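Asker: starting from these lines, generate the structure:
(3 chains, ligands or ions: 3)
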Amino acid sequence: MTENPQNVHPLEDLVRMDRIPHIWCPGCGTGSVFASCLTAMKQTGIPYNQFAMVSGIGCSGRGAGYINIDSFHTTHGRAIPFATGIKMASPDLNVIVFSGDGDLFAIGGNHFIHAARRNMDITVICVNNLTYGMTGGQVAATTPHLAKSSTTTVGNPETPFSLPFLAYASGATYIARWTMLHARDLADSIEEALVHKGFSFIEVLSPCPVNFGRRNKEKPLDTLKKYYENTIVRNGANPAELDIDYKKGVILGKFADIDKPTHDEKYKKMYWPDEK
Amino acid sequence: MKPAVLTGEHFINGDVACAEGAIAAGCRFFGGYPITPATEVAEHISERLPDVGGTFIQMEDEIAAMTSILGAAWTGIKTMTATSGPGFSLMMETVGLAVVTETPCVVVNVQRAGPSTGLPTQGAQADMMQVRWGSHGDYEIIAIAPSSPQEMFDLTIIAFNLSEKYRTPVFIMSDEIVGHMSEKVVIPDARKIKTVSRPKPTGRKDKFRLYKPGPDGVAPMPSIGEGYNVHVTGLTHDEKGYPVMSVDTQKEMIARLLGKIRNNLDDIIMTQEYMLEDADIVIVSYGVSARTAYTAVEEARNMGIKAGLLRLITVWPFPEQKIRELAKRVKGFVTVEINMGQICREVQRCAGIPTYLAGHAGGAIIPPDDVLNILKERF
Amino acid sequence: MKYWRVPLDSHEVQVTRGHVHIIADRCKGCGYCIAYCPREILEFSKAFNAKGYHPPVVKKDDCLNCHYCELLCPEFAIFSIER
Ligand code: SF4
Ligand code: SF4
Ligand code: SF4
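Answerer: Numbers count the residues shown, from 1 in each chain, chains lettered A, B, ... in the order given. Ligands and ions are numbered 1, 2, ... in the order given. Predicted coordinates for the structure are as follows:
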């Protein structure tokens, strides 16, 4: 090992280093997803000031606070409508929503389906840790049936959403699922999503060892082992068959990449048909 | 394609006048959601915004509508939404975010009677305390009450100007009656309309601090993409905009948020006086009720009662000083408002002398006789 | 204990040689880089870093410069450079 005299991690120009260390717990996957996201942004070659990041509330919602571009940490569930406002007013900006499953799919679920329906040209990255991490591990709309949480101590009686299926039914035009361990695929997929015209959604399975793993007898490396051994990459898989079941194998990959006019393209065409 | 300012005489309702005022003020984005009796604002502005290069979107609910106008505002443009009681309740969450992130925007509430679904098609002025206190935490806002379609135009422009100058949400607290009433509205020449835009930062970007206030207590505001790399959060934050979870930071932040309004009251507060000089009873009113109050003052004078009118054009911040001064030389106050005593309570707090309410639970205007009866019976 | 041998992205990455660089004081000791380095060249150090965790150290100088640890590390604490 030779010394790098600068000791500069290649992502540092995109990170607010004056705010590091971040708040994410040891073994939390959010930081990994965040690193893949920053890498993807670099890979696009788009100047940083043409991006904006919007987050909601929760552990992954803190992402906007660490990225060194114009970034917005909004209220719980409202990252997508905030991003919609940015995009409507400034269609040339690349708007990334980086948030969690609770934020995007419980309190913010309505906004998600409508932005997807409109094919609003934004990229939504959901760090899915199957729980409400920040508040201490309560049951979420993504918590597996029977899994334990602080509000379902004997097990979750409910059935979780399949997020890519929901995105598909709502009209998202780019849909993928990865785990944080599939960091390279994830970064490449985010890069694709960022340049994709239309509503892009990427679900990233990510461990919350502190508030989900602990209650469900899963150490961080156990979770990663499941990601490694019990997942199947199947691009173009039927969105209806994407339930998260590690016994059957969890399907990862890109499930949709559809070319359709975006909301701003349609708006422009209707109201300013002469404009190029 | 039509110009932004439709100079000339129009016969339009208050909601439409409000939309025209917004466009004339420079509003270029509107995020809305249909609700009686505010829908006409959205309908009209949805047609008008593309004329001037602006955009409109009907969001999935009022939470989204209100949130979208904040996002759009950070791209550097002026933005607005409009609603009524039930939608206003939903917007309260984002009002707090607008206040704490110091995002300029205008919110129109065409009030109807509540609580809950209440009387959707009938007017009230019962959201006057909600606009002041409806979001959680300590804050100050600016709320303006137009009395006519003409004022829906004129005061909407002022609302935008104040919101830009002080980087704060400004509320147009209209009501179903003014919103749906059609009257002559004169739109002046574009050059005669004074518009204000938010202060912009200058100097080195790497030294920039998002919430470092200028001399008037307001910090310059960059837009997305200008290279300032701002971080904007609803968490308690320091001058840089970074979250800091400490008692001192909270104290400083709140002091500045309150201060930028409280230290500029003379610039913000607008009132109108009628026959106040020699009055010994002051009628305090705002919005549509000020029209009733005006008639009541005239009739009272005919009957030999020395009543005068103090009309609140800005209801918030409250003209506390004015009420206190008047209280020293008059016998009492009567507030005229379509609610069960919201601003009455505020006048009582400031005046400390007999103060009565001419009000009711909503659905109709306050008849001038209700005011006269109080004047006769109580004084 | 190791369950896997083939790097997740071996199909994409050319075999080159690199140096892995560790910013020890940023590490929170999750061990992800150690467990998933395709060359298995990392191990926990005996020493503690400033935060009280055991950061990785290089046990054999055989880095592929695949940048995988760099992408996976949640703490921006490890990266590779071309040799
Ligand atoms: S609580 Fe869970 S999700 Fe939140 S930072 Fe900790 S490990 Fe990550
Ligand atoms: S992945 Fe990063 S934080 Fe985890 S052990 Fe390796 S260097 Fe430390
Ligand atoms: S870059 Fe990192 S993961 Fe890849 S071989 Fe080198 S040390 Fe291992």
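Asker: what about the helices in the chain?
Answerer: I'll assume chain A. Counting by DSSP state H, chain A has these helices, from start to end: A:30-44, A:79-89, A:101-102, A:109-118, A:163-170, A:183-195, A:220-229, A:263-271.
Asker: looking at chain B here, not the other one
Answerer: Assigned by DSSP H, chain B shows helices spanning B:14-25, B:39-48, B:62-73, B:85-101, B:128-133, B:149-166, B:176-180, B:247-262, B:265-268, B:289-302, B:320-327, B:342-351, B:368-378.
Asker: ok, and what's touching the fifth one?
Answerer: Right, the one you point to is helix B:128-133. The list of residues contacting helix B:128-133 from outside it, by C-beta atoms under 8 Å, 6 or more residues apart in numbering or on different chains, reads B:88-89, B:92, B:109, B:141, B:143, B:171, B:173, B:315-316, B:337, B:339, B:342-343. For glycine as for every other residue, the C-beta is placed from the backbone atoms N, C-alpha and C.
Asker: show me where pLDDT drops low in the chain?
Answerer: Looking at chain A here, since you left the chain open. Along chain A, the parts satisfying pLDDT under 70 run over A:1-6, A:276.
Asker: right idea, wrong chain: chain C
Answerer: Within chain C, the set of residues satisfying pLDDT under 70 comprises C:1-15.
Asker: tell me the SS of the residue nearest in space to the middle of it?
Answerer: The centroid of chain C falls nearest to C:Cys33 when counting by C-alpha atoms, centre = their mean (4.1 Å). Here C:Cys33 is helix, with the state taken from DSSP: H, G, I helix; E, B strand; the rest coil.
Asker: need the contact list for the closest residue in space to it that isn't next to it in sequence.
Answerer: For C:Cys33, ignoring the flanking residues on the chain, the nearest one in space by C-beta to C-beta, 6 or more residues apart in numbering or on different chains is C:Cys69 at 3.9 Å. Applying C-beta under 8 Å, 6+ apart to C:Cys69 gives the contacts C:20, C:33, C:36-37, C:42, C:78-80.
Asker: rerun that using 10 Å as the cut-off
Answerer: With contacts defined as C-beta atoms under 10 Å, 6 or more residues apart in numbering or on different chains, C:Cys69 is in contact with A:183, C:20-22, C:32-34, C:36-38, C:41-42, C:56, C:63, C:77-80.
Asker: that one: what secondary structure?
Answerer: State at C:Cys69, reduced to three classes by three-state DSSP: helix.
Asker: by proximity to ligand 1, which residue of chain C wins?
Answerer: For chain C, the nearest residue to ligand 1 under the criterion C-beta to the nearest ligand atom is C:Pro74, separated by 8.8 Å.
Asker: that residue reaches A:Leu11, doesn't it?
Answerer: No: the pair C:Pro74 and A:Leu11 does not pass the contact test of C-beta atoms under 10 Å, sitting 11.7 Å apart.
Asker: who touches both of these two?
Answerer: With contacts taken as C-beta under 10 Å, 6+ apart, the residues that reach both C:Pro74 and A:Leu11 are A:34-35.
Asker: ok, the residue of chain C closest to ligand 1 to C:Gly52 distance?
Answerer: 17 Å (C-beta to C-beta, to the nearest Å).
Asker: between the two, which has more neighbouring residues?
Answerer: Between C:Pro74 and C:Gly52, counted using other C-beta atoms under 10 Å in any protein chain shown, the more crowded position is C:Pro74 (26 against 8).
Asker: contacts only, for that one.
Answerer: A:22, A:24-35, A:180, A:206, C:26-28, C:30, C:32-33.
Asker: of those, list those near ligand 1.
Answerer: With C-beta under 6 Å from any ligand atom as the criterion, the contacts of C:Pro74 include A:24-25, A:28, A:30 near ligand 1.
Asker: need the residues you listed in CSV (columns: neighbour count).
Answerer: Converted to CSV, the ones next to ligand 1 among the contacts of C:Pro74 look like this (neighbours: other C-beta atoms under 10 Å in any protein chain shown):
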residue, neighbour count
A:Trp24, 23
A:Cys25, 19
A:Cys28, 29
A:Thr30, 28
